[in-house]
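Novice: Let me see the structure of the following:
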Amino acid sequence: MEGCIPAPLSSLSNRNEESIHQNPIPGFSICEDAKKAVLSNHRHPIGLKSGILGHTADKNMQGGETMQQKYYRLKWFLRSFLLSSAVLMAVFMSAMAWISGRDSQQQVTAPVENQPVYTPETDEPLNILILECSTRAKPIETVWLIRLDPLQGKVPVAALPLESAAALDGRSGTLADFYDYGGIQMAIRAVEGTFGIPVDRYIRCDRETFSRFADVLGGIVYEISEPLALQMEEAGQHILPGLQTLDGRRILQLLHFPCAEGRLFQTNRQAVMAALLFSAENARAGLSGDTLYYDFINDIDTNISAFDYDYRRRGLEVLFSKEDAVYPVELSGTFDLDGRFLPDSAALLALREAFS
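Specialist: Residues are numbered from 1 along each chain as shown. Got it, this is the predicted structure:
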């Protein structure tokens with residue numbers, strides 16, 4: 001009796017696919033489904049269940065391989081993307097570094113003749129009257145006249161005796177008298193009338209501000225000709241002869257220290273010390289951080305504006321690049337019986353040449 005039953009596994013496990021198709025067992029007819037089951041079991045020897053359900057297992061395995069393929073494709077895509085991004089970023093950064101280096105090299109190697117040449121304007125020179133006093137409400141103690149002249153490349157400095165004789169508006173007196181009577185403006189007019197030179201701007205400062213200003217600029221190195229006993233605030237101090245480095249307080253003390261040689265000698269010493277203080281090296285230090293103006297503008301009385309400073313800053317840099325630009329102008333003359341200073345013709349000529 002022929003039936004559609006599965007063949008025993010023991011008799012089929014060792015047979016190959018060709019013998020199964022030939023129905024080698026007499027009396028049995030294996031249906032197509034059984035053949036497929038047996039063949040599936042032969043290909044994938046994982047048990048009867050796998051053999052019988054081979055069709056479903058094949059589909060599941062095919063599905064699993066597809067998910068793995070997607071996973072590996074995504075994994076390799078991400079790796080490739082990150083690697084490509086890193087390479088592109090490296091190329092971009094290298095290109096930017098090369099461009100930056102080329103630009104810097106071009107700037108460094110740019111010929112000097114292609115840079116703009118500074119040419120001073122005719123309105124840049126200024127005569128500045130500097131008045132120093134113990135406090136702003138007290139009488140003046142020292143008067144300087146300084147000229148910033150980029151046209152000539154010179155910075156002359158002169159000290160004017162407080163006892164300088166002056167006549168103004170029918171009145172006669174000294175420079176100190178006119179300051180006490182009419183303040184800064186009256187003192188300016190007295191200087192212009194007595195010495196015949198214009199005054200463009202003024203600065204008035206007290207001792208404390210002057211001392212701090214001198215310290216910021218670096219002080220001075222000054223040669224002392226004789227031993228000095230300076231009266232400092234905390235105690236007296238002796239300064240020996242020779243080259244001495246003086247800070248702001250010692251500069252002030254020496255400015256007002258009486259000289260055995262007389263008042264005129266003291267005045268000329270004040271001019272020399274001021275020239276040292278405004279030396280090219282000190283001035284460059286002040287210009288580097290704008291100390292000469294912005295750090296002290298609120299501590300002084302002046303009519304020098306921010307525009308005045310900014311307009312002339314380039315000229316000041318060029319001017320103080322010359323080591324011999326600053327020099328003192330020493331005065332000569334006599335004192336009359338009333339103690340007033342009368343400059344002689346040589347002093348007037350020297351002042352007018354230096355400050356005009």
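Novice: which ones are touching Phe296?
Specialist: Taking C-beta atoms under 8 Å, 6 or more residues apart in numbering, we find Phe296 in contact with Cys205, Thr209, Phe213. Heads up, the C-betas are built off the backbone N, CA and C, glycines and all.
Novice: The last one touches Cys205, doesn't it?
Specialist: Yes - with contact defined as C-beta atoms under 8 Å, Phe213 counts as touching Cys205 (7.2 Å).
Novice: Including distance to Glu226, pLDDT and secondary structure, could the contacts of Phe296 go into JSON lines?
Specialist: Shown next, in JSON lines, are the contacts of Phe296 (distance: C-beta to C-beta, whole Å; pLDDT from 0 to 100; DSSP: H, G, I helix; E, B strand; the rest coil):
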{"residue": "Cys205", "distance to Glu226": "29", "pLDDT": "94", "secondary structure": "strand"}
{"residue": "Thr209", "distance to Glu226": "29", "pLDDT": "92", "secondary structure": "helix"}
{"residue": "Phe213", "distance to Glu226": "27", "pLDDT": "88", "secondary structure": "helix"}
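Novice: Out of those, which comes closest to Ile300?
Specialist: Comparing the contacts of Phe296 against Ile300 with C-beta to C-beta places Cys205 closest, at 4.5 Å.
Novice: ranges for the helices of the stretch 101-250 of the chain?
Specialist: 175-195, 207-217, 248-255 (DSSP state H, counting those that start in this stretch).
Novice: Take those and write them to a markdown table, including mean neighbour count.
Specialist: Output for the helices of the stretch 101-250 of the chain, formatted as a markdown table (neighbours: other C-beta atoms under 10 Å):
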| stretch | mean neighbour count |
| --- | --- |
| helix 175-195 | 19 |
| helix 207-217 | 18 |
| helix 248-255 | 20 |
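Novice: Could you export those helices as TSV, including distance to Ile304?
Specialist: Below are those laid out as TSV (distance: least, C-beta to C-beta, whole Å):
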stretch	distance to Ile304
helix 175-195	13
helix 207-217	14
helix 248-255	21
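Novice: Ok, which of those helices comes nearest Gly289?
Specialist: Comparing the helices of the stretch 101-250 of the chain by C-beta to C-beta, helix 207-217 comes nearest, at 9.0 Å.
Novice: And the contacts of that closest one?
Specialist: 132-135, 141, 205, 220, 247-249, 251-252, 277-278, 282-283, 285-286, 291, 295-296, 299-300.
Novice: which residues touch Val191?
Specialist: Leu129, Val143, Leu145, Leu160, Ala166, Leu175, Ile197, Val199.
Novice: quick one: it and Ser164, what's the gap?
Specialist: Distance of Val191 to Ser164, computed by C-beta to C-beta, to the nearest Å: 8 Å.
Novice: host element of Arg352?
Specialist: In this assignment (DSSP states H and E), Arg352 forms part of helix 345-354.
Novice: mean confidence score for that helix?
Specialist: Across helix 345-354, pLDDT averages out at 95.
Novice: packing partners for that helix?
Specialist: Applying 3 or more C-beta pairs under 8 Å, 6 or more residues apart in numbering; DSSP states H and E, one finds that helix 345-354 contacts strand 155-159, helix 175-195.
Novice: Out of the ones you listed, which is closest to Thr267?
Specialist: Taking those one by one with C-beta to C-beta, strand 155-159 is closest: 4.8 Å.
Novice: what does the closest one contact?
Specialist: So strand 155-159 is contacted by 142-149, 267-268, 270-271, 274-275, 278, 319-320, 325-331, 351, 354-355 (C-beta under 8 Å, 6+ apart).
Novice: Check stretch 342-349 too.
Specialist: Outside stretch 342-349, the residues that touch it by C-beta under 8 Å, 6+ apart are Ser164, Ala165, Thr194, Phe195, Gly196, Leu331, Ser332, Gly333, Thr334, Phe335, Asp336, Leu351.
Novice: what do you get if the cut-off is 6 Å, keeping everything else the same?
Specialist: Applying C-beta atoms under 6 Å, 6 or more residues apart in numbering, the contact partners of stretch 342-349 are Ala165, Leu331, Ser332, Gly333, Thr334.
Novice: For PyMOL, what selects the buried ones among those residues?
Specialist: Applying 16 or more other C-beta atoms under 10 Å to the contacts of stretch 342-349, the buried members can be selected in PyMOL as follows:
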select buried, resi 165+331+333
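Novice: Quick check: of the contacts of stretch 342-349, which lies closest to Gly242?
Specialist: Leu331 (26.5 Å).
Novice: Skip the chain neighbours and tell me the closest residue to that closest one.
Specialist: Nearest residue to Leu331, sequence neighbours excluded (C-beta to C-beta, 6 or more residues apart in numbering): Ala347, at 4.5 Å.
Novice: Just give the number of residues close to the one you found.
Specialist: Neighbour count for Ala347, taken as other C-beta atoms under 10 Å: 19.
Novice: Next, find the distance separating it from Gly193.
Specialist: Ala347 is 15 Å from Gly193, where distance means C-beta to C-beta.
Novice: what does Ser172 give?
Specialist: Note on Ser172: its distance to Gly193, by C-beta to C-beta, is 11 Å.
Novice: Can you list phi and psi of the spatially most central residue of the chain for me?
Specialist: In the chain, the residue lying closest to the centroid (C-alpha atoms, centre = their mean) is Gly289, at 8.5 Å. For Gly289, the backbone dihedrals are phi -120, psi 20 (criterion: degrees, to the nearest 10).
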